[in-house]
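[1] Pasting the sequence and the predicted model now:
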Amino acid sequence: MIYHLKQAKIFWCIPTTFAFLSALGGVINRDIYKNLFPVDYLPGAFPQDLLTILVCMVLFMLIILTKQRDIKKQIIIIGLLGSLFYLYGIFTIERVYNSFYLFYALVFSSSFWSIIYSLAGFRSESVASLQLKDWMLKISAISSIIIALIFTFLWVMAVIPLMKNHQRIEYLYSIYILDLCFVMPAFFITAIMSLRKMQLGILMMPAMMIMGFFVIFPLGLNELAKPSAGMMINFGAMAISFIFSFYMLALAIGQLKMLRLE
């Protein structure tokens, strides 16, 4: 349970509000990303903004309804804030300098610090009796470690040729920064903590999976949207995105259903 819940709700509302306004701006004016993203990713901008609006509406509802002992709702909120941190981290680091750029930077920063505030608000004595079935804990932890190892390997292999050639890429370098410096270490550390039956690790596992779903799922949506821009769908990439994202969503749902606070 998060102490000082009222203050936490204020912090949660800040990134949620500005992410909602930013996504709404993208829906109203679909040209705001023109010349700021690779052409292959522009078809997914509109469904991504619609998905972000939906996420923000869910967040607003959860913020209103969450009470002191609603630990599962609090975990979901942290996971959704993590997805906003990742998405608007991309927008901020990639220098998407349109009229909403300062909103992107605000969401990136405020979502990160609201997560830190939330995690600092968990007291060990309030979740000392937290339990998760052993088989689900192990499956989730092993999956988190595998995710961390796979993406770390892929991104390191992608970065090494750039290092050798002293080459700077124009787009999508933000993913290397966010994954290698923040997300993959978080997956790995959370897995180790949960295997050691540390309550914070058990709490964070479903939040990490929720974040992972909302990071990977839009890649599949981007493929589905390509025909609207006269592009061919990469069915392999789309299938991998959907399978991977729904696997993480299934793990998150399973963890949340089996979490018990005795």
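    Arrived safely. A quick note: this is a predicted structure, and the numbers were derived from the prediction, not measured.
[2] C-alpha from now on. contacts and neighbour counts both.
    OK.
[3] Any regions of this structure where pLDDT drops low?
    1, 123-129, 262 (pLDDT under 70).
[4] ok, longest helix in it?
    Longest helix in the chain by number of residues (criterion: DSSP state H): helix 134-165.
[5] what packs against that one?
    helix 184-195, helix 199-225, helix 235-258 (3 or more CA pairs under 8 Å, 6 or more residues apart in numbering; DSSP states H and E).
[6] Please identify the buried residues of it?
    Buried positions in helix 134-165, judged by neighbour count with 16 or more other CA atoms under 10 Å: 137, 140-148, 151-152, 155.
[7] And the furthest pair within these?
    Leu137 and Trp155 (27.0 Å; CA to CA).
[8] Phe242 touches Phe217, doesn't it?
    Yes. With contacts counted by CA atoms under 8 Å, Phe242 reaches Phe217, the gap being 5.9 Å.
[9] The two - which one has more neighbours?
    Neighbours per residue (other CA atoms under 10 Å) separate Phe242 from Phe217, with Phe217 holding more: 21 against 18.
[10] how about that one, what does it touch?
    Ser241, Phe242, Ser245, Phe246 (CA atoms under 8 Å, 6 or more residues apart in numbering).
[11] Relative to Asp134, how far out is the closest residue to the first one other than its chain neighbours?
    Looking back up the chat, that one is Ser241. Nearest non-adjacent residue to Ser241, counting by CA to CA, 6 or more residues apart in numbering: Gly220, 5.2 Å away. Note on Gly220: its distance to Asp134, by CA to CA, to the nearest Å, is 32 Å.
[12] Not counting residues beside it along the chain, what's closest to the residue nearest the centre of the chain?
    Nearest to the mean C-alpha position of the chain, by CA atoms, centre = their mean, lies Ser83 at 2.4 Å. Spatial nearest neighbour of Ser83, chain neighbours left out: Met211 (4.7 Å); criterion: CA to CA, 6+ apart.
[13] what's the answer for Met248, then?
    Nearest non-adjacent residue to Met248 (CA to CA, 6+ apart): Met209, at 5.1 Å.
[14] ok, now which ones touch the one you found?
    Gly79, Met248, Leu249, Leu251, Ala252.
[15] Distance from the helix or strand harbouring Gln74 to the middle of the chain?
    Element membership of Gln74, judged by DSSP states H and E, is helix 71-93. Helix 71-93 has its C-alpha centroid displaced from the chain centroid by 5 Å (CA atoms, centre = their mean, to the nearest Å).
[16] Can you give the contact residues for that helix?
    1-2, 12, 15-16, 19, 55, 59, 62-63, 66, 101, 104-105, 107-109, 111-112, 115, 118, 172, 174-175, 178, 203-204, 206-212, 214-215, 256.
[17] Recalculate using a threshold of 6 Å.
    Met1, Tyr104, Ala105, Phe108, Ser111, Ser174, Ala207, Met208, Ile210, Met211, Phe214 (CA atoms under 6 Å, 6 or more residues apart in numbering).
[18] Show me which positions of stretch 189-201 end up buried.
    Buried residues in stretch 189-201, defined by neighbour count with 16+ other CA under 10 Å: Ile189, Thr190, Ala191, Ile192, Met193, Ser194, Leu195, Lys197, Met198, Gln199, Leu200, Gly201.
[19] I meant to write stretch 226-237 there.
    Of all the residues in stretch 226-237, those buried under the rule 16+ other CA under 10 Å are Lys226.
[20] so how far is that stretch from its chain's centroid?
    Stretch 226-237 sits 24 Å away from the centroid of its parent chain (CA atoms, centre = their mean).
[21] before we move on, back to that, quick check: the farthest pair among the contacts of Met209?
    Using CA to CA, the two most remote members of the contacts of Met209 are Gly79 and Leu251, lying 13.0 Å apart.
[22] Counting neighbours, go ahead and name the busier of those two.
    Gly79 (25 against 21).
[23] With Ile216 as the reference, measure out to that one.
    Using CA to CA, Gly79 is found at 14 Å from Ile216.
[24] Equivalent analysis for Ile14, please.
    Distance of Ile14 to Ile216, given as CA to CA: 24 Å.
[25] cool, Gly254 as well?
    Noted for Gly254: a distance of 19 Å to Ile216, by CA to CA.
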